[in-house]
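Undergrad: Dropping the sequence and predicted coords here.
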Amino acid sequence: MPEANPTVAEQFDDRQQQRDAATLGMWTFLATEVLFFGGLFLAYTVYRHFYYDDFGAGSKRTDLVFGTTNSVILITSSLSVALAVRAANLNNLKSTLRWLVVTLLLAASFLVIKGFEYHKDIASNLVPGPNFTPTLPLHAQTFFWLYWAMTGLHAVHVMVGMSVLTAITLLVWRQRNLPAKRTTIELAGLYWHFVDIVWLFLYPLLYLVNRHS
Amino acid sequence: MSDARQNYLSAGDTVKSWLLTTDHKRIGILFLLSILFFFSIAAAAAALMRLELLHPQGHLVVPDTYNKLFTIHGVLMVWFFLIPSIPSVLGNFLVPLMIGARDVAFPRLNLLSWYLFLTGGFFAFHAVILGGVDTGWTFYTPYSSAYSNSHVVEMALGIFIAGFGSILTGLNFIITIQTMRAPGLTWFRLPLFVWSMFATSIILVLATPVLAITLLLMGVERVWGIGLFNPKLGGDPVLFQHLFWFYSHPAVYIMILPGMGVVSEVITCFARKQIFGYKFVAFSSVAIAIIGFLVWGHHMFVSTQSLYAGLTFSLLSFLVAIPSAIKVFNWTATLYRGSISFEAPMLYIIGFIGLFVVGGLTGLFLATLAVDVHVHGTYFVVAHFHYIMVGGMVTAFMGGLHYWWPKMTGRLYPRRLAQVAAIILFIGFNLTFFPQFILGYLGMPRRVHDYAPEFQFYNVCSTCGAAILGLGYLLPLLYFVWSLRYGQKAADNPWQATGLEWKTTSPPPKHNFEVIPVVTEDPYNYPPLNDYGEHEHA
Amino acid sequence: MNVPFFPPEASSLAPETDHLYFFLLGLSLFVMVFVFVPLTFFLFKYRRGRRANRAALNLPTNRIEITWTVIPTLISLGIFGAGASVYFKEEVPPQHYLDVNVIGKQWMWKIQHQEGNSEINELHVPVNQAIKLTLGSEDVIHSFFIPAFRLKQDVVPGRFATEWFQPTRTGTYRFYCSEYCGMDHAKMEGFVYVMPAAEYKQWLEQAPPRNTLAQSGEKLYRILGCSGCHDGQTLVHAPPMEGLYGALVPLGDGTTVRADETYLRASILQPASHTVAGYQPVMPAYQGRVSEEQLMELIAYIKSVAHSEPLKKP
């Protein structure tokens, strides 16, 4: 029978095995996420190849200020979550909580700015469909379809990440049992880094490419 | 139901203890019951189709209904029966036992997998009740996203949700097999069923998300009239096909690899011998998984994709056949100097080898470019994939159920009746699907309810075969249920097989093993045989 | 009762496809013998209780495995090559052919000959001549399948597809739609009538007087306003149609493209994406304003002036 260790689930032999399983689990899950976004990236690649000019025209209408600000915010949040993981490994409860909260605030600002950006995009008739601005060519609609789909899917992942981080922050704050949560924080941080990396691909593809043609 | 000792079935008999279970064995049983439900609906659809096809201008159902029948048949069979069958039933039940673990790595995720399957299944079933879908299981655009007047979005939603269930199952198996093997259980001491489940899980995890995004994009196009696949919106219908088949081709390997794993287990037990070429069989599973991701365009040779894409996919499709051929040769060689008995599981597995060889060889016809130009979209393709899916996969599933039934339920089923049922299934299957090869080369297209009068003879043969095939499925259903109450109690190891799952009770206790075993031997380490096929006592 | 076993061979490439098919059949039988005979033999000989030598042998497993991996691989490569070579012939039409247009739409086929004859769900062609079909769809994906010719081609909306064949036997052969396209997909079928050349000419002439496809196209060319810019006598600077079909066209982005059906189609529907070098992107887009049939007529007209000189400006 396994040892009656409260921090090791009963299917595992020991903490190390549990940790290994959780880590491999998160990496595998991230692989599925790459494939999930992959379809959209493929569609982007294909249509950009065929409609280069229209994509350039569409890209010019994205808001560079909002986009760049959000990129800076998200990269900084990756830094703060990495610092939270480090603090957890050093068993520093206050620091861990502080950096987790900073991450959450940055994530929230990302979403708020995104909200303003979307609002502006809608007002500028950049939503594909019957109300799409006639000042852009047909396949700029394809560009914007991909813009909304990719940034929207990304925003959903930001929200999921925020929920997970919020739950962990609350658990750590209430239970005050940091060593038991080290792996969880590390893996949540890993997920957050992934969310950040997806944005780092989206940003140049949607905001920067062909902007000055 | 069982003896005085506690086992996983008797440990808690409330509904709640089943619906909130995290025991991988119970989850396997829950999946078994669920997929049986969807199989029944899909089989009923097939029965109606075959009845309609008795006459060249049949009037059993109107065209629209026929189109919905073949769609429902395909969707439910692929996503709600075949994909979950061996992995979520036998895989869930056996993988932890086979590696000497107490459960999978993430038992609660495992339960979530089942609920995702049910939720997805609910939406799919609801779409059927509301009137069904008529796009074919392949959902080609722009018909599905702009022209069909059926419940496409709800059906797609059901598949989408169920897909996440299968991703989690694959994820669970990868981590379980990688990190939770018993002491001494190195990779090359693993049973081949575990190797095939590992390879299957890689495909589950990497391919299914692509299906998810593809269905999502198709659904958005349909709902909001904006999109990527409708040429009237500036989109490309062939892009949908690339995305769809990028998942759906590896999906067929999700379906067949576990079946191949079952074959390796059963054949070694009923030949009382070590498998021939263990490492080659193990690696061939991985090779099939990898190369299987590179051949999707062979579904699109006439789709207006470029000539050079056609050449590339054709070449790769020939290469993916090789590892499967290696397995077949190795299984046959395993029988050499073995000691063979013809219990029901073995009959199913022999049937598998026969039918899979035919199915696999006809795959070569389809990989050959000029031949595929003729037979694509005809009954030749229908016959090919039914030989692999039904003749291969379902036969292996039946064989696996018959092999591990005593372990799972603690009961034996009637021996002779099971052997008879296996033979009935084999005969019925061939009569149903072999004529369809001929029909295909003659030119009968797929997905038609009316056909040219000269095709009637073969269609009638096929329908008669389907009736016999149906009997072949009905009999096991009846005697399995019968066995739960009246079947003879099973010993721990009724087949005298190797493998850790046989070293615990039938049925196993909730925590699988009293003591976690330590592994020191190769798998299938059957003792030497004497001239009469009995094991020599050392 | 008529129980056919094999479809008729009625095109120049049908026998080649059938040779591949029979080779594969023979190979399959060989493989089945190679597997099933030993399988059955072992099941019989090594049946439990039957006396046989079961002493474990030390076989050179690796060498056996490699042998039965390498040989099937080589055979596969051979079949691949053979299949690919026939496929090449199927995909690349010969130099000279008769052009026929086919439009698929739910749930019928409309066939248009260059002479102006049109037919529904029927295709009359002369024997022993190469015929090239240009196929378009008005709505969803269809597929034009002629079993006797061993040929099919998906017809994808938003683009043209082509399919060529040379009938070698007179007679009547079925064609089908072989890509599911909705409710009456099963009814989207018809007959190919292969006739001797003289009879075909007669058949063409027996139809009531009508415009040729090119003439219809020229009418459209004027009605839709194309001539307003593209005629040599206008003041608008637009590329002339004379001499265009088949020529190399330099585009504004520096690339060069050959003016074939696909280029012409794209230039009519979305001209701004294919502006010719030296011209402004002022042509209106005709996407959604012309049907597939009209596109084919316009292209027939443009092809008919491929060897003409543009009229000089005044």
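TA: Looks like it came in fine.
Undergrad: Figure out how far the lowest-mean-pLDDT helix or strand in chain B is from the centre of its chain.
TA: Across the helices and strands of chain B, mean confidence by mean pLDDT, DSSP states H and E is lowest for helix B:15-19: a mean of 92. Here helix B:15-19 is found 27 Å from its chain centre; the criterion is Cα atoms, centre = their mean, to the nearest Å.
Undergrad: what does it contact?
TA: B:A11, B:G12, B:R26, B:L30 (Cβ atoms under 8 Å, 6 or more residues apart in numbering or on different chains). Every C-beta, even on glycine, is put in place using the N, C-alpha and C of the backbone.
Undergrad: Tell me how many other residues crowd B:L116.
TA: Close neighbours of B:L116, defined as other Cβ atoms under 10 Å in any protein chain shown, add up to 21.
Undergrad: Please name the nearest non-neighbouring residue to it.
TA: Spatially, and ignoring its direct neighbours in sequence, B:L116 is nearest to B:G165 (3.3 Å; Cβ to Cβ, 6 or more residues apart in numbering or on different chains).
Undergrad: residues of stretch C:276-289 that come out buried?
TA: Across stretch C:276-289, burial judged by 16 or more other Cβ atoms under 10 Å in any protein chain shown covers C:V276, C:M283, C:Y286, C:Q287.
Undergrad: what number of residues lie near the residue nearest to the last one when sequence neighbours are not counted?
TA: If I follow you right, that is C:Q287. What sits nearest to C:Q287 in space, not counting adjacent residues and going by Cβ to Cβ, 6+ apart, is C:L269, at 4.4 Å. Using other Cβ under 10 Å, C:L269 has 19 neighbouring residues.
Undergrad: Within the helices and strands, which one has the closest residue to chain A within the stretch 51-200 of chain B?
TA: Going by Cβ to the nearest Cβ, chain A is nearest to B:D103 of the stretch 51-200 of chain B, at 3.9 Å. Taking DSSP states H and E as the criterion, B:D103 maps to no regular element, lying outside all helices and strands.
Undergrad: is it true that B:V61 touches B:E52?
TA: Yes: in this structure, B:V61 is within contact of B:E52 by Cβ atoms under 8 Å, at 5.5 Å.
Undergrad: Spell out which residues are contacts of both of those two.
TA: Counting by Cβ under 8 Å, 6+ apart, the common neighbours of B:V61 and B:E52 are B:L69, B:H449.
Undergrad: And chain C, is the helix or strand harbouring B:F426 touching that?
TA: Assessed by DSSP H and E, B:F426 sits inside helix B:415-442. Yes: using Cβ under 8 Å from any Cβ of the partner chain, helix B:415-442 reaches chain C at B:I438, B:Y441, B:L442.
Undergrad: gap between the very next helix or strand once past that helix and the chain center?
TA: Downstream of helix B:415-442, the next assigned helix or strand under DSSP H and E is helix B:456-486. Distance, stretch centre to chain centre, for helix B:456-486: 18 Å (Cα atoms, centre = their mean).
Undergrad: Can you list the buried residues in helix B:456-486?
TA: Quick answer for helix B:456-486 (16+ other Cβ under 10 Å): B:456-459, B:461-466, B:468-470, B:472-473, B:475-476, B:479-480, B:483.
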